[in-house]
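> my questions concern the predicted model and sequence given below.
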Amino acid sequence: MSDDTTINNRLMSELDFARTQLAIFFVVLLLAVDAINPVKIFLHVFPQIAPWHIAILCVGLMLYMFISEMKDLLYFAVKVFFHSILSIFFKSVEVVGLGNIPAYGPVIFTSNHANQFVDGVSIMATISRKISYLVADKSWNRRIIGDLAWAMGAVPVKRAQDSAKRGTGTVHLVRKEAKAKAGSGDAQNDGSAATITVTGDTTNTITVTGDTTRFTDEIKPKDKIRLTNTSAGLKVMQILSDTSMILEDNADLTDLPTQSTTFDILGHIDQKVVFAKVLDRLASGGTIGIFPEGGSHDRTDLLPLKVGVSLIAYSALEKDGINIPIIPVGLNYFRGHRFRGRLIVEYGRPTYIDPSTLSAYKAGGAERHRVCNELLDHIADAMRGVIVSTPDYDTLLLIHTARRLFQSQERTASKKQDLSKRFAEAYKRLLLMTQGSPPKEWLQLQERILAYSRELSDLGIKDYQVPGLDRQHKELEYDGDAVIRETRLTYHIFHLVFVLLIAAVPTIALNLPVGLVARLWANRRRKKALAASKVKIHARDVMLSEKIVVCIVLVPSLWCFYGLTDMDGPTLALAIMSLPLFSYTGVVTAEAGVVDLKDIKPYLMRLFPSARRRMSALPETRRQLQADLRSFVKEIGPKLGEIYYKKDIDWEQIQADARKLGQIPPVHPSPERPAGEDGTDDAKKKDV
């Protein structure tokens with residue numbers, strides 16, 4: 001979306017807000033002055049009509065309107081509620097690419113799933129169109145979450161992984177190159193192990209042979225088996241006996257573990273009813289939101305996409321003749337698991353089905369499988385085009401630090417996002433160009449950037465504060481009293497105390513008790529989610545959602561508790577209505593206090609000689625890093641092609657080219673949690 005469109009949308013939003021304010025003030029004016037109150041004037045002209053007559057009429061009309069438009073009104077109320085929730089829990093929510101969304105007609109939104117229930121809320125609150133989500137049946141059956149999903153018009157979907165059960169014994173996967181070792185005694189068969197042997201052409205089927213297994217009792221055709229510590233399922237084509245069956249080959253076979261392991265059974269679920277509901281909504285011009293990764297996670301790249309979105313799109317084209325635009329949505333969180341984080345929501349250009357592939361889809365079998373996977377690859381390319389995709393958190397931290405150093409001035413959200421994606425893509429291309437062995441100069445620059453980031457973290461200051469530390473070196477040789485006078489520390493402390501005093505009462509009385517309970521509950525749920533997941537690293541993606549759920553329950557309960565005081569009716573009503581304002585005031589002023597505390601920390605650190613010396617070196621370190629980084633970019637930039645030269649980039653095409661070159665994985669592999677990772681290593685937790 002162009003800057004002109006962004007400015008126009010902002011102006012329209014401001015104009016709508018101004019009109020709403022004027023309307024509210026005008027209604028209050030009419031109610032306050034009897035001489036211009038239309039109801040009072042009407043009753044004065046017709047004295048035979050009593051006020052309660054008009055009241056009953058209005059109540060009846062309101063009930064009729066509510067019942068007739070209940071779904072739309074309920075959706076609007078939920079949207080307003082969640083918009084308020086986002087404004088409280090996020091410091092800023094910036095939106096990029098709204099111009100890519102069609103104003104009418106059916107649309108499928110496909111988004112990365114990085115923050116559990118918050119993801120759906122973020123999309124719902126940032127678009128003008130009504131959207132229905134496909135929600136896991138497990139979430140649909142949860143209180144509060146399921147109730148809100150119903151109010152949003154969501155469609156529940158049963159997932160095989162939610163009802164997975166453990167198969168009898170353990171299994172051992174013997175690859176073709178390891179067949180000679182299969183009978184060498186390396187595998188431990190204690191009577192409960194099942195040996196799986198890959199035979200024949202692995203591009204078609206996998207023959208499974210087992211020892212003491214119960215395939216006929218536990219598994220049915222179309223079910224899937226999933227090996228422990230993987231998320232990939234192998235579909236059962238035919239069960240020959242209790243110890244033998246045939247599986248459909250899977251592209252993820254190369255990533256499956258080779259050691260002895262237990263396995264889970266994923267029962268087949270018929271989704272015909274769900275598909276019918278989705279197709280009906282799309283045929284009527286509605287929009288559907290799908291998280292094709294299948295579940296929430298806290299990785300820095302996409303998980304393998306599920307084929308359901310391809311089947312829905314092709315079914316709509318086959319059944320109703322509608323080539324539905326598939327809009328990729330990128331949810332880019334910064335400290336997204338914490339209170340008052342930041343969020344950039346980016347809507348990309350739509351992806352369409354190639355109509356010439358419809359005949360292959362209708363043919364079924366391998367041809368249908370091929371065209372669905374091709375569409376899935378295009379969708380994954382489009383989704384990667386609206387997120388900053390990196391191999392891990394360390395690389396993501398490096399990318400964002402490099403972007404901040406490189407930019408010479410503050411940028412808009414869209415330009416920040418674009419520059420971060422350019423750095424991420426350049427990082428991948430450099431690795432590819434050097435075959436994974438980058439030059440020494442690059443490694444040294446990378447280490448210096450990370451060392452600079454670590455130094456900032458150790459000193460507890462932010463990158464934007466570093467230029468303000470650039471004072472004359474002689475000032476740093478003053479004694480403590482001179483430093484206090486020079487930096488006006490007293491003024492900053494007074495301002496901090498003043499702000500915190502304003503925030504003290506609402507924060508301590510209204511926000512702090514709920515915040516502590518929410519934090520403890522969210523951490524407990526995080527550990528539980530991590531233990532149950534095959535793909536989460538730290539399970540931080542569930543934390544903010546759980547905090548919001550706790551707050552939705554406890555905040556009104558706390559208000560009601562305070563309402564159990566000896567006050568008359570009007571006073572009690574005014575107090576309860578004022579509590580939301582006081583609570584929000586506490587949030588805003590407490591945040592201002594935290595910002596003041598962060599700003600004051602460099603001044604406090606300068607009171608200590610060792611810290612002063614380290615801080616005095618930071619501005620020059622930053623300037624040198626910035627110069628070296630820009631010089632390096634200028635040197636290698638021409639080799640990177642369009643991501644260096646072009647102003648407007650087709651990021652979907654960039655990701656497609658990278659996938660074809662093997663720079664990024666296809667959508668089918670099954671990433672595994674790193675060995676030994678339990679999500680509790682604080683040293684590995686990077687907030688970017």
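It's in. Numbering: from 1, shown residues only.
> and V345, that one's in a helix?
No - using DSSP: H, G, I helix; E, B strand; the rest coil, the assignment for V345 is strand, not a helix.
> check the gap between it and S557 for me.
Plainly put, V345 is 31 Å away from S557 if you go by C-beta to C-beta, to the nearest Å. Backbone N, C-alpha and C define where each C-beta goes, glycine included.
> which one of those two is surrounded by more residues?
Set side by side, V345 and S557 show more neighbours around V345, with 24 against 10, by other C-beta atoms under 10 Å.
> mind listing what the more buried one touches?
Contact criterion C-beta atoms under 8 Å, 6 or more residues apart in numbering gives V93, E94, V95, V96, S122, I123, T126, V329, G330, L331, N332 as the residues in contact with V345.
> helix, strand, or coil at I49?
coil.
> what's opposite N332 in the beta bridge?
N332 forms beta bridges with I344, as assigned by DSSP bridges.
> now the element after the strand or helix carrying Y64, going C-ward?
Under DSSP states H and E, the secondary-structure element containing Y64 is helix 51-68. Secondary structure here is assigned by DSSP H and E; on that basis, the next helix or strand after helix 51-68 toward the C-terminus is helix 70-89.
> ok, longest helix in this structure?
For the chain, the longest helix by residue count, based on DSSP state H, is helix 569-605.
> by how many degrees do it and helix 70-89 diverge?
Relative orientation of helix 569-605 versus helix 70-89 (axes from the mean of the first three to the mean of the last three C-alpha atoms, to 10 degrees): 40 degrees.
> tell me what helix 569-605 is packed against?
Taking 3 or more C-beta pairs under 8 Å, 6 or more residues apart in numbering; DSSP states H and E as the contact definition, the neighbouring helices and strands of helix 569-605 are helix 489-506, helix 543-563, helix 609-636.
> report the buried residues of that helix.
Buried residues in helix 569-605, counting neighbours by 16 or more other C-beta atoms under 10 Å, are found at 579, 582-587, 589-590, 592-593, 596, 599-600, 602-605.
> try stretch 433-449
Applying a neighbour-count criterion of 16+ other C-beta under 10 Å, the buried positions in stretch 433-449 are L445, Q446, I449.
> mean confidence (pLDDT) on the helix or strand harbouring the first one, please.
Using DSSP H and E, the element containing L445 is helix 440-459. Over the span of helix 440-459, the pLDDT mean works out to 88.
> from the contacts of V345, which land in helices?
Taking DSSP H as the definition of helices, the contacts of V345 contribute S122, I123, T126.
> coming back round to it: and the angle from the longest helix of the chain to helix 489-506?
Interaxial angle of helix 569-605 relative to helix 489-506 (the same axes, to 10 degrees): 150 degrees.
> now helix 569-605, how far from the centre of its chain.
From the chain centre to the centre of helix 569-605 is a distance of 27 Å (C-alpha atoms, centre = their mean, to the nearest Å).
> show me the contacts for the residue nearest the centre of the chain.
The centroid of the chain falls nearest to A114 when counting by C-alpha atoms, centre = their mean (3.2 Å). Applying C-beta under 8 Å, 6+ apart, one finds that A114 lies in contact with S296, H297, D298, L331, Y333, G336, D541.
> for the residues you listed, give me CSV that also has neighbour count.
Putting the contacts of A114 into CSV (neighbours: other C-beta atoms under 10 Å) gives the following:
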residue, neighbour count
S296, 25
H297, 28
D298, 26
L331, 22
Y333, 24
G336, 24
D541, 26
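> okay but V78 is in contact with L148, surely?
Yes - at 6.4 Å, V78 and L148 qualify as touching, with contact defined as C-beta atoms under 8 Å.
> assign P438 to helix, strand or coil.
Judged by three-state DSSP, the three-state class of P438 is coil.
> run through the helices of the stretch 351-500 of the chain in chain order.
With helices called from DSSP state H, counting those that start in this stretch, the stretch 351-500 of the chain shows them at 358-363, 365-384, 393-406, 413-433, 440-459, 480-487, 489-506.
> for the last one, buried residues please.
Same thing as helix 489-506. By neighbour count, with 16+ other C-beta under 10 Å as the criterion, the buried positions of helix 489-506 are L489, H492, H495, L496, V499, L500, I502, A503, P506.
> quick check: next helix or strand after the helix or strand of the chain with the lowest mean pLDDT?
For the chain, the helix or strand with the lowest mean confidence is strand 193-197, at a mean of 43 (criterion: mean pLDDT, DSSP states H and E). Going down the chain from strand 193-197, the next helix or strand is strand 205-209, by DSSP H and E.
> about what we covered before: out of the buried residues of stretch 433-449, who's nearest L15?
For the buried residues of stretch 433-449, the closest approach to L15 (C-beta to C-beta) belongs to I449, at 43.7 Å.
> not counting its neighbours along the chain, what's nearest that closest one?
Once its chain neighbours are removed from consideration, I449 has its nearest residue in T401; the separation is 5.5 Å (C-beta to C-beta, 6 or more residues apart in numbering).
> how many neighbours does the one you found have?
A count of neighbours around T401, defined by other C-beta under 10 Å, yields 20.
> wait, it sits on Y452?
Yes - T401 is in contact with Y452 according to C-beta under 8 Å; the separation is 7.2 Å.
> who's in contact with L73?
With contacts defined as C-beta under 8 Å, 6+ apart, L73 is in contact with M65, F66.
> returning to that earlier point: between the helices of the stretch 351-500 of the chain, which gets nearest to E642?
Each of the helices of the stretch 351-500 of the chain was checked against E642 via C-beta to C-beta, and the shortest separation belongs to helix 413-433, namely 9.8 Å.
> rewinding a little: and the angle for the helix holding L445 with helix 413-433?
If you take the same axes, to 10 degrees, helix 440-459 sits at 130 degrees to helix 413-433.
> which strands or helices does helix 440-459 pack on?
Counting by 3+ C-beta pairs under 8 Å, 6+ apart, the packing neighbours recorded for helix 440-459 are helix 393-406, helix 609-636.
> could the ones you listed go into TSV alongside mean pLDDT?
TSV is the format used below for the helices and strands packed on helix 440-459 (pLDDT from 0 to 100):
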stretch	mean pLDDT
helix 393-406	89
helix 609-636	88
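> tell me which of these is the most buried.
Between the helices and strands packed on helix 440-459, helix 393-406 has the highest mean count of neighbours, a mean of 20, where neighbours are mean count of other C-beta atoms under 10 Å.
> now do it and helix 609-636, the angle between them.
Between the axes of helix 393-406 and helix 609-636, defined by the same axes, to 10 degrees, the angle is 90 degrees.
> identify the residues contacting helix 393-406?
300, 388, 390, 416, 419-420, 423-424, 427, 446, 449-450, 452-453, 463-464, 622, 625-626, 629-630, 633, 684-686, 688.
> got the contact list for K235?
With contact taken as C-beta under 8 Å, 6+ apart, K235 is in contact with K222, D223, K224, L247, E248, N250.
> how many neighbours does M62 have?
By the other C-beta under 10 Å criterion, the neighbourhood of M62 contains 10 residues.
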